[in-house]
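*Asks:* turn this into a model:
(chains A, B, C and D)
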There are 4 protein chains.
Amino acid sequence: MKRIAVLTSGGDSPGMNAAIRAIVRTGISAGAEVIGVRHGYQGLVEGDFTLMDASSVSGIINQGGTILHSARSQAFRTPEGFQQAVDHLRAAGIEGLVVIGGNGSQTGNHALYTRASFPTVGVASTIDNDLYGTDYTIGFDTAVNTALESIDRLRDTATSHDRIFVIEVMGRSRGFLALHVGIAGGAEVVLLPEIPWTIEQVKRTLDAGYRRGKKSFLMVVAEGAARGEEFARQVEEATGYETRATVLGHVQRGGSPTAADRVLASQLGSAAVKLLLDGEHGVLVGEQHHCITTTPLADAWSHDKPLDPEMLDLVRVLGA
Amino acid sequence: MKRIAVLTSGGDSPGMNAAIRAIVRTGISAGAEVIGVRHGYQGLVEGDFTLMDASSVSGIINQGGTILHSARSQAFRTPEGFQQAVDHLRAAGIEGLVVIGGNGSQTGNHALYTRASFPTVGVASTIDNDLYGTDYTIGFDTAVNTALESIDRLRDTATSHDRIFVIEVMGRSRGFLALHVGIAGGAEVVLLPEIPWTIEQVKRTLDAGYRRGKKSFLMVVAEGAARGEEFARQVEEATGYETRATVLGHVQRGGSPTAADRVLASQLGSAAVKLLLDGEHGVLVGEQHHCITTTPLADAWSHDKPLDPEMLDLVRVLGA
Amino acid sequence: MKRIAVLTSGGDSPGMNAAIRAIVRTGISAGAEVIGVRHGYQGLVEGDFTLMDASSVSGIINQGGTILHSARSQAFRTPEGFQQAVDHLRAAGIEGLVVIGGNGSQTGNHALYTRASFPTVGVASTIDNDLYGTDYTIGFDTAVNTALESIDRLRDTATSHDRIFVIEVMGRSRGFLALHVGIAGGAEVVLLPEIPWTIEQVKRTLDAGYRRGKKSFLMVVAEGAARGEEFARQVEEATGYETRATVLGHVQRGGSPTAADRVLASQLGSAAVKLLLDGEHGVLVGEQHHCITTTPLADAWSHDKPLDPEMLDLVRVLGA
Amino acid sequence: MKRIAVLTSGGDSPGMNAAIRAIVRTGISAGAEVIGVRHGYQGLVEGDFTLMDASSVSGIINQGGTILHSARSQAFRTPEGFQQAVDHLRAAGIEGLVVIGGNGSQTGNHALYTRASFPTVGVASTIDNDLYGTDYTIGFDTAVNTALESIDRLRDTATSHDRIFVIEVMGRSRGFLALHVGIAGGAEVVLLPEIPWTIEQVKRTLDAGYRRGKKSFLMVVAEGAARGEEFARQVEEATGYETRATVLGHVQRGGSPTAADRVLASQLGSAAVKLLLDGEHGVLVGEQHHCITTTPLADAWSHDKPLDPEMLDLVRVLGA
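*Replies:* Numbering: from 1, shown residues only, chains lettered A, B, ... in the order given. Sure, this is the predicted structure:
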């Protein structure tokens, strides 16, 4: 392959730029040209391409967001748009494509690979960590630390005022973010989309805490398990204790990536290019057990990635 | 005076601990004993006192919240509770009191001074910066920087996705926080409780921005001017552009204080003790034009503290 | 004036980009063209100019360093180089110049104004805060907070190990940075270039601390008062206590500017353009007593800016 | 076991407090009493013990350092001191001990287990990551991120001034910290204790960079590979380019732990208690391939833990 392309798609996650940098520099180092596709799949449909040299990715390793921009594309989902995308890739002499993104983004990637037989590799990047085939996705570590900073700040006020605080973090269907934030933040209660809960259980945990002399509580809820403001009202009604909510929202998607996310993005981006050049296509590059691994793209979202039961147990024992 | 007391009251603000430290150490250095009152005015009513030595305030200068805790007190507002508070102060041999807090807290302070002729001094501490008699209150600088961090993170995503983001910051009746955050964050729109606004104006600003080639926008709203989520919906309806909200909530009250807040708290706390010992009572200690100044307590909330019109102008010119 | 220019010079300081942004956007808003000069005075000598539109300063308010770059210029100090600089300015139709920088940079500015009668305005930007005519310079607040973060980290280890730590901060001839860092960090000893000190005094302070039960100490030294590593050795010899040094170096110059530095930079940059257009030249724009003020350029470095004696006193009383 | 003890030893690392918290709460949850030993092995020799209840570890998960303090102990290395330590443990009815610390600390742990047959478990905690039997040690992730923050700040100045900066990080014999910091910081050169280097190689890398148009460079050196200031001088002599050094020193040991370090510390601390109670002794608890694993204590420092050759390669390819 003499010319490959890279795009970022879906919700942005910190470390995408570090991955782009690794892809560009590894590609050039291996003798290939690297084309950046702007605005995700929409850029494929429109042929919004730019040649990237080594200096085009200087000084971006520490920046959040994505210099290639991201966007939703209805057009790419239509047969015509899909064909335009493929045509643009071929017309530009692009022989392989790296897609940096999460769940939905890798579906598009899979379509290109299976329906158009276009050589692609996926790089797992989403703050939700909900892709099978990688222990951690790019951006997850940063998002956990961002939410944690807010928890640390809330605890100051919770302790000073003997109060209950609820913090809603992202996670519609998966609770990885909430679980890590909860343990790292020393939360007394963590609600996850995967685990049913009742307000009575929550009340019992709080009551038990008060009996042991606790005077302030932090509760982390994944948006898929409960909405922060509504849950705070439920707790107040059920217990009579004043309860306040914080909703972090998109703040969790931004910020300079942590060291771990930059290293992971560098490793996965670099590996993706090598795989593309070596002829291993249609796979998601991930990191499992600290090794770079590949997984067939379709498995990435069809296989379940379970929560660690030991960590669920830690919440109960350590939040006590 | 041989024995003075200190309490923190109202919403906590970063730097309260630095002020407590300065009060304790300045008091001891001047030969006085310093008593800490726990849980604000409620602690006065209940006589919840503790003797503080120099080492009791070691290692707290960098901590958010207040080691003396804060609380609301209905009891203190009743004639009986008020009398109990005064009795406890006198019974403990306390000859002077420093009250660290905002608007509402200094009202209680004023009551002690005028109705019970008890020697008091107030230290201006609130993230809202809404006290007359000081250019900045303790905690304001930290709160601005905390909100700013979130803005910086949102901008990454706003830029990557060509989107509009709304961030709601604290400020029911005053817009100091929103104004500083807006200018420092480079916001295109800032809504303040003091300045009437219409959705048409906002739409015009956005439209003009889009015409000039802007593709993402950040809008900072004080909670007293608009509620984040509702405003985001209004913008979306009026413009058709996707708009998302973040509501920081109590996160803005916590965190390790900035250097400026620690220095200000050290200066004001130290000055408060000197005033108390020198016989200047019933005043709020503040910092005006980089000098330590005093203001009669009643003026602190009855006089208006205007926004700087030049800064309002900066939003318009620089957000362009 | 229809065309003005801006350059950054000397050591970079956080907030320079926010000042450039304010200058560009205020200039454009007032109907002028704004030219950026790259690489400071060297860029003047070489005519390294670029036209800046409103979007050229998008997304830089939160970035450290300077997008216009800075450099030393021997050439500008020669009569020939100086004349070339003036010729380039005139040939490009530039009618006024804003110089963002510290002490040395404003000397060059003064030369242009007095020797070539070129309309200039200076914006006070240096982490040293050593310019007369402004209470604080752009970058100072960020540098204080950066050094403070390191102090907070050292205190963890100092406390855990009952040890003495020395931290050397910038400041060859002036101690503003060390003084603010020392008070905000709760340092027990602060050495400043302006205040003579002896190792015996330091030993007495440490001994007195140990007698009162203190077990760990933090000492902040300005590089002009003592070199960190050497001073640590002196302390170890004089007291027998293990002492370690940290030398922050240029780390203090970088980083995303604090809210206060961004606001100050926005205010000063905007004011500088207005002054230039209004015909007030040869002055330094600063902020005194929270008002925007101007000072004849020559006064900026020839007048002394004293340390606040009250703050010196605070170190002694609060570090006890 | 009805009563177990915990001590922290050696250089402190961020996350030690999170590990103490996990040990105390897991112990209590399993029905055991937990005794804290102050000042490491010296506290064993002196019998400096304190009973810890669940609330004694409240609010410490986010704090750097160690609330149990750490110290060197010559006494423990003597036969008499060692015997006193064992006697104190037995006299206090302590049946098992958890030692949180690095290399040297686990040697003492091993001595207790082998020479006194005392049931012990080690928890791997050091910023150097130089213990075999765990992929990462507690504190490593925080130290990498702390050094990275400084790199990000230096890059601002390096880029603005077209300069070379050297940053010396900890690591006398192992380069894990320098390698991760180098990749995450986008360093052009990384010097490690494990890899021989010459100034000629460094010069060639710089020269090649300059030829490709690079104008600023960041070089990360482990203290065991080169001393920052001396190396900067060597580079300046060899290349003629101005080069500046920053020496972070003990700053790398402090600070609030990252999410990853808090989670790891919670997992390892909790697992250590379970092992102790389940009768598996004389082992180091670590995390390998995201599983909690045990390794005989003696292996922890006698087995080599190699650097990842792929990561070494990444420095070369991505720093280009």
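
*Asks:* contacts, neighbours, all on C-alpha from now
*Replies:* Will do.

*Asks:* near chain B, which residues of chain A?
*Replies:* Within chain A, the positions near chain B by C-alpha under 8 Å from any C-alpha of the partner chain are A:12, A:63-71, A:150-157, A:159-161, A:244-256.

*Asks:* what about these, which are in helices?
*Replies:* Mapping these onto helices (DSSP state H) picks out A:150-157, A:159-161.

*Asks:* nearest to residue D:316, of those?
*Replies:* residue A:150 (37.0 Å; C-alpha to C-alpha).

*Asks:* for chain A, give the residue positioned nearest to chain D.
*Replies:* residue A:289 (3.8 Å; C-alpha to the nearest C-alpha).

*Asks:* from residue A:135, how far off is that residue?
*Replies:* 7 Å (C-alpha to C-alpha, to the nearest Å).

*Asks:* can you map out the helices along the stretch 151-300 of chain A?
*Replies:* Assigned by DSSP state H, counting those that start in this stretch, the helices in the stretch 151-300 of chain A fall at A:176-185, A:199-211, A:228-239, A:259-278, A:297-302.

*Asks:* the closest residue to chain C within the stretch 1-150 of chain A: neighbour count?
*Replies:* Residue nearest to chain C within the stretch 1-150 of chain A (C-alpha to the nearest C-alpha): residue A:63, separated by 10.4 Å. Counted by other C-alpha atoms under 10 Å in any protein chain shown, the residues lying close to residue A:63 total 20.

*Asks:* pretty sure it is touching residue A:259, no?
*Replies:* No - contact criterion C-alpha atoms under 8 Å: residue A:63 and residue A:259 do not qualify, at 11.9 Å.

*Asks:* check what pLDDT whichever residue of the stretch 151-300 of chain A sits closest to chain C gets.
*Replies:* Nearest to chain C in the stretch 151-300 of chain A, going by C-alpha to the nearest C-alpha, is residue A:256, at a distance of 11.0 Å. pLDDT recorded at residue A:256 is 96.

*Asks:* mind listing what residue A:190 touches?
*Replies:* A:178-179, A:182, A:219-221, A:315 (C-alpha atoms under 8 Å, 6 or more residues apart in numbering or on different chains).

*Asks:* now render those as CSV, adding neighbour count, distance to residue B:24 and pLDDT.
*Replies:* Formatted as CSV, those follow (neighbours: other C-alpha atoms under 10 Å in any protein chain shown; distance: C-alpha to C-alpha, whole Å; pLDDT from 0 to 100):
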residue, neighbour count, distance to residue B:24, pLDDT
A:178, 28, 40, 98
A:179, 27, 41, 98
A:182, 30, 36, 98
A:219, 24, 35, 97
A:220, 31, 37, 98
A:221, 29, 40, 97
A:315, 21, 39, 93
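
*Asks:* now for those residues: which two are most distant?
*Replies:* A:221 and A:315, at 12.9 Å, using C-alpha to C-alpha across those.

*Asks:* quick check: end-to-end length of stretch A:182-191?
*Replies:* 9 Å.

*Asks:* try stretch A:39-56
*Replies:* One end of stretch A:39-56 to the other measures 17 Å (C-alpha to C-alpha).

*Asks:* so the residue of chain A positioned farthest from its centre versus residue D:106, what's the distance?
*Replies:* Taking C-alpha atoms, centre = their mean as the measure, the residue most remote from the mean C-alpha position of chain A is residue A:211, 38.7 Å away. Remark: distance between residue A:211 and residue D:106 (C-alpha to C-alpha) = 39 Å.

*Asks:* now do residue A:125
*Replies:* In terms of C-alpha to C-alpha, residue A:125 sits 38 Å off from residue D:106.

*Asks:* so for those two, which sits in the more crowded spot?
*Replies:* When residue A:125 is set against residue D:106 and neighbours are counted by other C-alpha under 10 Å, the residue ahead is residue A:125, at 37 against 29.

*Asks:* can I assume that one is in contact with residue A:16?
*Replies:* Yes - Residue A:125 is in contact with residue A:16 according to C-alpha under 8 Å; the separation is 7.0 Å.

*Asks:* who are the contact partners of residue A:251?
*Replies:* Contacts for residue A:251 (C-alpha under 8 Å, 6+ apart) come out as A:146, B:150-151, B:153-154, B:246.

*Asks:* can you tell me how far residue A:163 sits from residue A:218?
*Replies:* Taken as C-alpha to C-alpha, the span from residue A:163 to residue A:218 is 9 Å.

*Asks:* what of residue A:39?
*Replies:* Distance, residue A:39 to residue A:218, by C-alpha to C-alpha: 39 Å.

*Asks:* just how off-centre is the helix or strand in which residue A:83 is found within its chain?
*Replies:* Taking DSSP states H and E as the definition, residue A:83 sits inside helix A:79-91. Chain-centre distance of helix A:79-91: 28 Å, with C-alpha atoms, centre = their mean, to the nearest Å.

*Asks:* the domain parsing of chain A - what is it?
*Replies:* If you go by automatic domain parsing, the domain ranges for chain A are A:3-139+A:257-302, A:143-253.

*Asks:* comparing these, which comes out most buried?
*Replies:* Stretch with highest mean neighbour count among those: domain A:3-139+A:257-302 (a mean of 23; mean count of other C-alpha atoms under 10 Å in any protein chain shown).

*Asks:* span of that domain from start to end?
*Replies:* Domain A:3-139+A:257-302 has its terminal residues 31 Å apart, counting by C-alpha to C-alpha.

*Asks:* anything in stretch A:144-151 near chain D?
*Replies:* Yes - looking at stretch A:144-151 against chain D by C-alpha under 8 Å from any C-alpha, the contacts come from A:144-145, A:148.
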